[in-house]
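J.: Attaching a predicted model along with its sequence, questions to come.
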Amino acid sequence: MALNLKLQMRLSQQLIMTPQLQQAIKLLQLSRQELEELIEQALVENPVLEEEAAESEPADPAVPAEPVADADAAGDLIDSDSHQEADLDWQQYISSGSGIIPERGGRDDGEDSNLEATLSRAETLQDHLEWQLEMSALSPLERETGQYLIGNIDDDGYLTASINELLEARPELHDALLRAGSGGELSLPAPQGVDAALLDCKHISSVGSGPAGEPDKKAPPVFEEDSEPSALPAPIKVKPEAALAVEAVLRHIQQFDPPGVGARNLQECLEIQLKSLGLENDLSYRIVHHDLKLLENKDLRRVARRQKVEVEEVVEAYKLIMELEPKPGRPYVRDRPQHIIPDVFIYKVYGEAPGAEDRVGQYRVVLNDTGLPRLRISDYYRNLADRGSAGSHLTQEYINEKIKAGNWLMKSIEQRQKTILRVTRSILKHQYEFFEKGIHYLKPLVLKDVAEDIQVHESTVSRITTNKYVHSPQGLFELKFFFTSGIDQGGGDVISSKKIKDMISKMIAVEDDREPLTDIQIAERLSKESHIKVARRTVAKYREALNLLPSNKRKQLF
């Protein structure tokens, strides 16, 4: 078959993502706070944009206006004041601080500072550990090593990397420890009987897998401050002497308050706390050291057989272990509350005309514009552009481009706000019974249903419901909340998954702690009491989504 070159002409249509279109799409998925930041940035970068001044309140006719002095009287007042000012000792006035304007700690926008901004900073776990480290009689190199270790302890109180990983990231510290160890400059003796797996463990055990904890995520890798992964030095071969020197400093830190801090996994954390109580020879310590997995599954009889003791003794040891703290750093975590400002309000009204545009049934949808800056094009630059008197051709072209960009930004923001209203009204129409009666009347809803209702693409609905919140008589919800899958019950009846999750959580909340409900029992009760057909594996899936433990781990033994 011969190969040859040909020229062909084809006519096709394609959507080109212009910068303006990309900006409009980006605005759809921005949260309210991100939109405010974008508007403030636009005000800085675009000189033709300005913020509309807030409308001043009309004067109260019942309150008489204060008289304004005429020009002559004002001049006399200035003259009389000038003679008094001449007599002042300005050097004494300035040195006394009377004319100094105090600096503001918050925003310089005329608004009162937030109450949270005036609160003193609470002591963190790292501050508490560093204070104890400074009080320790250590050499400068050991104190530096301790600071490095403390910097790699997370908020829960766990060391987030192994000894070898820490030394590989700091080769200069590795070499310094080797030299100090050979010269006898270290004050802490090398620990004996160290498990090599602890020095080189690549995966820190889950904190919440124990009997007294809850599920927790593994900590991310830790890097030095102001460093990039690509800038890290090549791994070195860690010498045992340097690793043991770091282990000695770590064990010294593990004696600090709170007990259990600096551990690498839950087992070590519990062992440290038991040692601090003087129970290293107790049954509870042996159970934690050898049979922690069996304790997690609450298989106390098997633990008793392995430890060769009575079940009653294991129960007493289990009670003691349950009193330990799986997250030593918990008391030092001070999470500041995050306030959510709704983007749209839904509230019930009475006595209005049924044909109101912003009304669906007895509910009204109102956009929340409070606190959101309103933009406009400066009259000065608009007149310059209209008259063509901006100066050079480049200046005129620059102003025209900025006016065009400002108009497009305002149009995109307006379109975003209108789309939020349309999507919220459509959600209200589809989920009307939910706003009337509650979560058990939430219907299955997908993006396609709303997209077809307001005649937009599904991706537009997905973007506009991201990080947007609505305040309604039923509470504050993210717009994504109303989109839920369902389980077909046959005959065209579909039950929302959120309704089933709510029923599962309520069943578990009121169950007998001694005899918790299994997934099969929950499925049977849903079928018998509510006529909802659901498989056992579906119940398990929804239970895990609710962060609820299985029945064998929810069971209370005493």
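T.: Structure received.
J.: from here on, contacts and neighbour counts on C-alpha atoms
T.: OK.
J.: count of neighbours near S136?
T.: Neighbourhood size, S136 [other CA atoms under 10 Å]: 12.
J.: same check, this time on the one 10 residues further on
T.: Residue neighbour count, defined by other CA under 10 Å, stands at 23 for G146.
J.: Mind telling me what element it is part of?
T.: helix 140-151 (DSSP states H and E).
J.: quick check, distance from that helix to the centre of its chain.
T.: 30 Å (CA atoms, centre = their mean, to the nearest Å).
J.: Output the contacting helices and strands for it.
T.: Helix 140-151 sits against helix 125-134, helix 171-182, helix 240-253, with contacts defined as 3 or more CA pairs under 8 Å, 6 or more residues apart in numbering; DSSP states H and E.
J.: 10 Å instead?
T.: Using 3 or more CA pairs under 10 Å, 6 or more residues apart in numbering; DSSP states H and E, the elements in contact with helix 140-151 are helix 125-134, helix 163-169, helix 171-182, helix 240-253.
J.: Tell me which of those helices lies nearest to I464.
T.: Closest approach to I464 among these (CA to CA): helix 125-134, 39.7 Å.
J.: Which strands or helices does that closest one pack on?
T.: helix 140-151, helix 240-253.
J.: how much does it deviate in direction from helix 140-151?
T.: 160 degrees (axes from the mean of the first three to the mean of the last three CA atoms, to 10 degrees).
J.: Show me which residues of helix 125-134 are buried.
T.: 125-126, 129-130, 133 (16 or more other CA atoms under 10 Å).
J.: Tabulate these (JSON lines), appending distance to T145.
T.: Listed next are these as JSON lines, based on distance: CA to CA, whole Å:
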{"residue": "L125", "distance to T145": "17"}
{"residue": "Q126", "distance to T145": "14"}
{"residue": "L129", "distance to T145": "13"}
{"residue": "E130", "distance to T145": "12"}
{"residue": "L133", "distance to T145": "10"}
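J.: D257: what's it in contact with?
T.: By CA atoms under 10 Å, 6 or more residues apart in numbering, the contact set of D257 is 125, 128-129, 132, 328-329.
J.: Quick one: the helices in the stretch 151-300 of the chain, in order.
T.: Secondary structure of the stretch 151-300 of the chain (DSSP state H, counting those that start in this stretch): helices at 163-169, 171-182, 196-199, 240-253, 266-276, 283-290, 292-296, 300-307.
J.: I misspoke; the intended subject was the stretch 301-450 of the chain.
T.: 311-322, 379-387, 393-430, 432-437, 447-454.
J.: ok, back up a step: what about the helices and strands packed on helix 125-134, which gets the closest to L320?
T.: Between the helices and strands packed on helix 125-134, helix 240-253 lies closest to L320; by CA to CA that is 23.5 Å.
J.: So which elements touch the closest one?
T.: Using 3+ CA pairs under 10 Å, 6+ apart as the test, helix 240-253 ends up in contact with helix 125-134, helix 140-151, helix 163-169, helix 171-182, helix 196-199.
J.: That helix: how far from the chain's middle?
T.: 35 Å.
J.: Now it: buried residues?
T.: For helix 240-253, a neighbour-count test (16+ other CA under 10 Å) marks 242-253 as buried.
J.: quick one, that helix and helix 140-151 angle?
T.: 70 degrees.
J.: Confirm for me that L428 is in contact with L445.
T.: No: counting by CA atoms under 10 Å, L428 stays clear of L445, with 11.5 Å between them.
J.: Name the residues contacting each of those two.
T.: Shared contacts of L428 and L445, counting by CA under 10 Å, 6+ apart, come down to F482.
J.: who's in contact with the nearest residue to L177 once chain neighbours are set aside?
T.: Of all residues not flanking L177 in the chain, A242 sits nearest, at 5.5 Å (CA to CA, 6 or more residues apart in numbering). By CA under 10 Å, 6+ apart, A242 lies in contact with 163-164, 167, 173-181, 190, 248.
J.: Let me have those residues in TSV, adding pLDDT and distance to I454 as columns.
T.: Putting the contacts of A242 into TSV (pLDDT from 0 to 100; distance: CA to CA, whole Å) gives the following:
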residue	pLDDT	distance to I454
I163	91	58
N164	90	59
L167	91	59
L173	91	63
H174	89	64
D175	91	67
A176	90	68
L177	90	68
L178	89	71
R179	89	73
A180	88	73
G181	84	74
A190	80	72
A248	93	67
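J.: Are any of those residues buried, and if so which?
T.: Buried among the contacts of A242 by 16+ other CA under 10 Å: 163-164, 167, 173-174, 177-178, 180-181, 190, 248.
J.: mean confidence score for the host helix or strand of V539?
T.: Applying DSSP H and E as the criterion places V539 in helix 536-545. For helix 536-545, mean pLDDT is 90.
J.: Now do the buried residues in that helix.
T.: Residues 536, 539-540, 542-543 are the ones in helix 536-545 that count as buried (16+ other CA under 10 Å).
J.: that older thread, quick one, the helix holding G146 and helix 171-182 angle?
T.: Using the same axes, to 10 degrees: helix 140-151 against helix 171-182 is 140 degrees.
J.: Assign the closest residue to E511 other than its chain neighbours to helix, strand or coil.
T.: Of all residues not flanking E511 in the chain, L517 sits nearest, at 6.8 Å (CA to CA, 6+ apart). At L517, secondary structure determined by DSSP: H, G, I helix; E, B strand; the rest coil is coil.
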